[in-house]
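Novice: Sequence and predicted structure below; questions after.
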Amino acid sequence: MGAFLIKDIVLLLRDRSQLMILLVMPFLLIAILGFSLRGIFSGDLEALEMDIALVAEEDEAQAVAAVQSEVDEMGLPQEASQALKQAAESASPQTMLLAMLEDENLGEVMTVNRMGHVQARQSLEEGSIDAVITLPEGFTEDSLRNMLFGTSGGGELELLVADASSIRADVLQSLLEEFVRTVNFEASISRLAGEEATVEVSGGIETITARQPITSFQYYTIGMAVMFVLFVGSTIAGQANLEQKQMVFDRIRLSNRPPLMYLGSKALAAAAIVFVQLTLLFGLSALLFQTFRADSWAFWSGTALISVVLALAVGSLAALMVAITLRLESDAVPAIFSGGVISLMAFIGGSFMPLDGMPEALRAIGNWTPNGAALSAYFSWLLEPDISQLAGPLARIAAVASAFLLMALVLFPRKGAAS
């Protein structure tokens, strides 16, 4: 088998056009997609639709009444006191926030539901809502005191989103920034105390898991990598077809070599090339685009494990394609696979875009493709380096690889069998 393996690797290294496809093309796509899209996959309004939970941990009326009571205790002239109390009621930041979120122009893309804190957090974890805006206790009072009396500090609202890298999160953040500007403007025209003070509304975005979200470069590096490794299978099958035309395969078959040796050399050659391909793509992306931390040994060790399993799966797929190609004695198999099947597998595997909005059946199928399962494994390890998280995806890859190899052995033409 060693001679077969060396032969297959040397033949592949000599094919410069295939090497360009396997190494240069995915890197170019990573650069183009990473820079141009940056997490934005479409400009349709459907992509902006979001369900938001508004959690008010305070009673707005009581908060306004408390501030108005403080105005009464200040001993101001009745006219000034009345003006301050009216300003407190009309310039309540909670009222202005609701007015903005429930504006008819936003109704096409945004649905706002009032919920309790526990229900909102649970709904966010279940994926039934996209974000939670929380107005904590004291938000209205602190904001109004800052606005009317010029006290230090201001109200703080909290924003919790499921995916901070999504376009929905960007839009919602922009809306809240506009809300801050509106509140400051209202404060400037409502302030009656004569002091330079504006209400400060601050907050931040965090993911539900409190981890850094996946960036566009990370997504497309992994997505393009797991897609282009599939081309190795069609390349190996194309070499087998060439060997058949040159009668090399016939001489090997007449030499009573076991089919497992021939298929094994093809599978191992494909696996070796795939591992090198993944190593170069991840390494160059980390060095040039700072996609991954170069000094994180925990990350790279898990990535290497996933890459080895994926490489063996692609090797098994290459063996299956070789067996079918030799049985049919046609170059149609690698041509069809590289021309259409790979694109289909990449789509249902999530290489082009996340499948969150796709039908459940399509996502289930994608999770059982080698590239889709590997994509899930890479993302799981990137978000949380926990080896237990890899058990499911790696088991699916191994199961599919075993099925490929078994079918390859069954379909491989034996000596004396009809081709």
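Specialist: Great, that's in hand. As the structure is a prediction and not an experimental result, all values here were calculated from the model.
Novice: and this protein, what are its domains?
Specialist: Using automatic domain parsing, the domain parsing of the chain gives 2-39+215-411, 45-207.
Novice: and these, which one is worst for confidence?
Specialist: Here the lowest mean pLDDT among the domains of the chain goes to domain 45-207, at a mean of 73.
Novice: Let me see the ranges of the strands in the chain.
Specialist: Secondary structure of the chain (DSSP state E): strands at 50-56, 110-114, 131-135, 158-161, 205-207.
Novice: I'd like the ones you listed laid out as TSV, including distance to residue 306 and mean neighbour count.
Specialist: Heads up, the C-betas are built off the backbone N, CA and C, glycines and all. Putting the strands of the chain into TSV (distance: least, Cβ to Cβ, whole Å; neighbours: other Cβ atoms under 10 Å) gives the following:
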stretch	distance to residue 306	mean neighbour count
strand 50-56	32	20
strand 110-114	38	16
strand 131-135	31	22
strand 158-161	27	20
strand 205-207	22	16
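Novice: Dump these to JSON lines, plus distance to residue 359.
Specialist: As requested, these are arranged in JSON lines below (distance: least, Cβ to Cβ, whole Å):
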{"stretch": "strand 50-56", "distance to residue 359": "19"}
{"stretch": "strand 110-114", "distance to residue 359": "22"}
{"stretch": "strand 131-135", "distance to residue 359": "24"}
{"stretch": "strand 158-161", "distance to residue 359": "24"}
{"stretch": "strand 205-207", "distance to residue 359": "25"}
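Novice: Tell me which of the domains of the chain sits most buried.
Specialist: domain 2-39+215-411 (a mean of 19; mean count of other Cβ atoms under 10 Å).
Novice: which one of the strands of the chain lies closest to residue 275?
Specialist: With respect to residue 275, and counting by Cβ to Cβ, the nearest of the strands of the chain is strand 205-207 at 31.5 Å.
Novice: How much space separates residue 126 from residue 223?
Specialist: Per Cβ to Cβ, to the nearest Å, residue 126 is found 26 Å from residue 223.
Novice: correction: residue 326
Specialist: On the measure of Cβ to Cβ, residue 326 and residue 223 end up 32 Å apart.
Novice: Quick check: most distant residue from the centroid of this structure.
Specialist: residue 77 (59.7 Å; Cα atoms, centre = their mean).
Novice: for that residue, phi and psi?
Specialist: For residue 77, the backbone dihedrals are phi -60, psi 150 (criterion: degrees, to the nearest 10).
Novice: quick one, what contacts it?
Specialist: Neighbour list for residue 77: empty [criterion: Cβ atoms under 8 Å, 6 or more residues apart in numbering].
Novice: now do 10 Å
Specialist: residue 83 (Cβ atoms under 10 Å, 6 or more residues apart in numbering).
Novice: So that it lines up with my notes, have the first residue be 279 from now on.
Specialist: Got it, the first residue is 279 from now on, which makes the last one we talked about residue 355.
Novice: Give me the distance between it and residue 367.
Specialist: 19 Å.
Novice: what does residue 419 give?
Specialist: 13 Å.
Novice: Which neighbours do these two have in common?
Specialist: Joint contacts of residue 419 and residue 367 (Cβ under 10 Å, 6+ apart) are 338, 342, 343, 345.
Novice: between those residues, which is nearest residue 457?
Specialist: residue 338 (15.6 Å).
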